[in-house]
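Visitor: no sequence on hand, only this structure:
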């Protein structure tokens, strides 16, 4: 965590860069006790002694920390080893993308972390066995996915493994080191991968082979001990609302109907036959080769270049609707190939606090048909500018703001904002081509479908196949993309609901401000109010906008 943030590095403290996060149950207990003490301290502060921003900091911190320690009996309702963001695949990605090697000491820290994998995985196994004893066992397909992934990982010769080649690439830039010293460091890395990393992964493989005999094909949280309660808690955490599963399910169904009608209108206007229904029309669209890049290295390189062009274009055209901006750079890269088959279509990784690493928009290029040209603008706006990169970088740069406000992780705010910016870009004319707007609506219906399938899986006993079928029929997305998404919702319940719930709330608050302020309403000022306080729960965001309205009214 400290390495990812880059906070201590900026002041010359680097010893943590040779360590890995403690996953032990004892550490979890100590952490929760400490958080409980912090909440008590927060409660002791008298609001009359705090200014407006300090009161907001207290409220945000109290909300966040209280959520972290609430319902301790449900804290282990998760799957720390999974096909999407499990410990086993996060570690090599972290070492490749987050661990900096700026000098020999950085390389030595890299080697120390390779050696520390054995301890980390033993701690991980302790937690997995604890969950197993509580009946928290991942579905069979998850176990199959992670076993396939880990076996591929350790079957790779050590000197071809990403942990070796990543260090090799980073050492190239260290001109002060001799070729002989670099070779020694790489030999050490190869030995540690062979003698520490691979044995740790083998232990994990053996555990999951045995666990598979206890697993089932049932995928929803409803099937776990206290599963309904755990899912409701997950919804509260991710949406920062008290919405019930049934309410969210109905919201999704209604949104799907509305958005589908708009999409059918565009499809018809572009000459696609809609007489056989939505699915057939979308199949015809998907089958049209003009919407795809060449399935080659050159085609994939062009996708990355075009994504960069889209981000640069909108970044240059936002001055009228944003007063606050960011100078943090963003790069567009391909998701590492060893992760592509089980990764989503794209994701964003935040820049480091010290500025040494830019924001990173990572795209999945495994299935070329999962990247239609008409969907690229919307995806770039969501992950890049003015979506995640824009919002997170602005929060990171807020002067005088406590770290907890600059780094707060409220998904309904951050994902709601990113989805809101997809519509904002259309309102500003950046998706003026009908098919680009269709791509926007396809992304929006995708998020509406998420409300339906997430609650369907975890509260209404839907099967994996039932959820896949519903999403295929109502989004027109590529099969590979849909499967990865559904499998993501299974291992990360409720998170997918945060997008649409957050977007709807931000749009409602914008309408509220427009109605209240009339001619005094300015979109740039509304965006300032939303962005300049960092990520906050939706309940607190409403208070922020109410205060903005009150201040502007006088």
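Guide: Yes, it's here. What you see is a predicted model; the values in this text were computed from it and never measured.

Visitor: where's residue 141 relative to residue 20, distance?
Guide: 28 Å (Cβ to Cβ, to the nearest Å). The C-beta positions use only the backbone N, C-alpha and C, and glycine is treated the same way.

Visitor: hmm, residue 314 is touching residue 386, no?
Guide: Yes - using Cβ atoms under 8 Å, residue 314 and residue 386 qualify as a contacting pair, with a distance of 6.9 Å.

Visitor: give me the common contacts of those two.
Guide: Shared contacts of residue 314 and residue 386 (Cβ atoms under 8 Å, 6 or more residues apart in numbering): residue 425.

Visitor: I'd like the next helix or strand past the host helix or strand of residue 281.
Guide: For residue 281, the host element (DSSP states H and E) is helix 278-287. For helix 278-287, the following helix or strand on the C-terminal side (DSSP H and E) is helix 297-315.

Visitor: so what touches that next one?
Guide: By Cβ under 8 Å, 6+ apart, helix 297-315 touches 293-294, 330-334, 361, 363, 365, 368, 371, 376-377, 379-381, 384-386, 425, 430.

Visitor: ChimeraX command for the buried members of those residues?
Guide: Filtering the contacts of helix 297-315 down to the buried ones (16 or more other Cβ atoms under 10 Å) takes a single ChimeraX command:
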select :293,330,331,332,361,363,365,368,371,376,377,379,380,381,384,385,386,425,430
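
Visitor: and residue 113, which of the three is it?
Guide: When classified by DSSP: H, G, I helix; E, B strand; the rest coil, residue 113 comes out as helix.

Visitor: I meant to write residue 331 there.
Guide: strand.

Visitor: relative to residue 362, how far out is it?
Guide: Counting by Cβ to Cβ - residue 331 and residue 362 are separated by 9 Å.

Visitor: burial measure for residue 515, as a count.
Guide: 10 (other Cβ atoms under 10 Å).

Visitor: buried ones in the helix or strand it falls within?
Guide: Residue 515 belongs to helix 498-517 when elements are defined using DSSP H and E. Of the residues in helix 498-517, 498-506, 509-510, 513, 516-517 count as buried by neighbour count, 16+ other Cβ under 10 Å.

Visitor: could you dump those residues into JSON lines with distance to residue 24 and pLDDT added?
Guide: JSON lines is the format used below for these (distance: Cβ to Cβ, whole Å; pLDDT from 0 to 100):
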{"residue": "498", "distance to residue 24": "29", "pLDDT": "96"}
{"residue": "499", "distance to residue 24": "33", "pLDDT": "95"}
{"residue": "500", "distance to residue 24": "37", "pLDDT": "98"}
{"residue": "501", "distance to residue 24": "34", "pLDDT": "98"}
{"residue": "502", "distance to residue 24": "34", "pLDDT": "98"}
{"residue": "503", "distance to residue 24": "38", "pLDDT": "98"}
{"residue": "504", "distance to residue 24": "40", "pLDDT": "97"}
{"residue": "505", "distance to residue 24": "38", "pLDDT": "98"}
{"residue": "506", "distance to residue 24": "39", "pLDDT": "98"}
{"residue": "509", "distance to residue 24": "42", "pLDDT": "98"}
{"residue": "510", "distance to residue 24": "45", "pLDDT": "99"}
{"residue": "513", "distance to residue 24": "48", "pLDDT": "98"}
{"residue": "516", "distance to residue 24": "51", "pLDDT": "98"}
{"residue": "517", "distance to residue 24": "53", "pLDDT": "98"}
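
Visitor: circling back to that earlier point, from the contacts of helix 297-315, which ones fall inside strands?
Guide: In strands, judged by DSSP state E, the following of the contacts of helix 297-315 are found: 330-334, 361, 363.

Visitor: now pLDDT and distance to residue 208 too, for the residues you listed, in TSV please.
Guide: Listed next are these as TSV, based on pLDDT from 0 to 100; distance: Cβ to Cβ, whole Å:
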residue	pLDDT	distance to residue 208
330	97	37
331	97	35
332	97	34
333	96	30
334	96	28
361	97	32
363	96	29
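
Visitor: so can I have a markdown table of these showing distance to residue 408?
Guide: Below are those laid out as a markdown table (distance: Cβ to Cβ, whole Å):
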| residue | distance to residue 408 |
| --- | --- |
| 330 | 21 |
| 331 | 25 |
| 332 | 26 |
| 333 | 26 |
| 334 | 30 |
| 361 | 22 |
| 363 | 26 |
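
Visitor: among the residues you listed, which pair sits farthest apart?
Guide: 330 and 334 (14.8 Å; Cβ to Cβ).

Visitor: between residue 141 and residue 20, who's got more neighbours?
Guide: Neighbours per residue, other Cβ under 10 Å: of residue 141 and residue 20, the larger number sits with residue 20, 21 against 17.

Visitor: ok, the more buried one - contacts?
Guide: So residue 20 contacts 91, 113, 116-117, 119-120 (Cβ under 8 Å, 6+ apart).

Visitor: before we move on, what about residue 220?
Guide: 227, 457-459, 461-462, 490.

Visitor: make a PyMOL selection of the buried ones in these.
Guide: Typed into PyMOL, the line below selects the buried ones among the contacts of residue 220, using 16+ other Cβ under 10 Å:
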select buried, resi 227+457+458+459+462+490
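
Visitor: list the buried residues for stretch 273-291?
Guide: Buried, per 16+ other Cβ under 10 Å, within stretch 273-291: 274, 278, 281-282, 284-285, 291.

Visitor: quick one: the helices in the stretch 401-550 of the chain?
Guide: All helices of the stretch 401-550 of the chain, identified by DSSP state H, counting those that start in this stretch, fall at 403-406, 411-427, 434-459, 464-475, 479-491, 498-517, 523-531, 538-553.

Visitor: to residue 38, which of the ones you listed lies closest?
Guide: Taking these one by one with Cβ to Cβ, helix 403-406 is closest: 10.0 Å.

Visitor: what does that closest one rub up against?
Guide: Under the contact criterion Cβ under 8 Å, 6+ apart, helix 403-406 has outside partners 7, 56-57, 60-61, 64, 395-396, 398, 533-534.

Visitor: mind telling me what element the residue nearest the centre of the chain is part of?
Guide: The centre of the chain sits closest to residue 347, judged by Cα atoms, centre = their mean, with a distance of 6.1 Å. Secondary structure from DSSP H and E places residue 347 in strand 346-349.

Visitor: which elements pack onto that strand?
Guide: strand 359-363, helix 376-383, helix 388-396 (3 or more Cβ pairs under 8 Å, 6 or more residues apart in numbering; DSSP states H and E).

Visitor: could you dump those into TSV with distance to residue 448 added?
Guide: As requested, those are exported to TSV (distance: least, Cβ to Cβ, whole Å):
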stretch	distance to residue 448
strand 359-363	23
helix 376-383	14
helix 388-396	20
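
Visitor: and of those, who's closest to residue 553?
Guide: Taking those one by one with Cβ to Cβ, helix 388-396 is closest: 25.5 Å.

Visitor: next, the angle helix 411-427 makes with that closest one.
Guide: Comparing the axes of helix 388-396 and helix 411-427 via axes from the mean of the first three to the mean of the last three Cα atoms, to 10 degrees yields an angle of 120 degrees.

Visitor: quick one: residue 21 and residue 117 touch, right?
Guide: No - using Cβ under 8 Å, residue 21 is not in contact with residue 117, being 11.7 Å away.

Visitor: mind checking which of the two has more residues around it?
Guide: The neighbour comparison of residue 21 against residue 117 (other Cβ under 10 Å) goes to residue 117, with 25 against 14.
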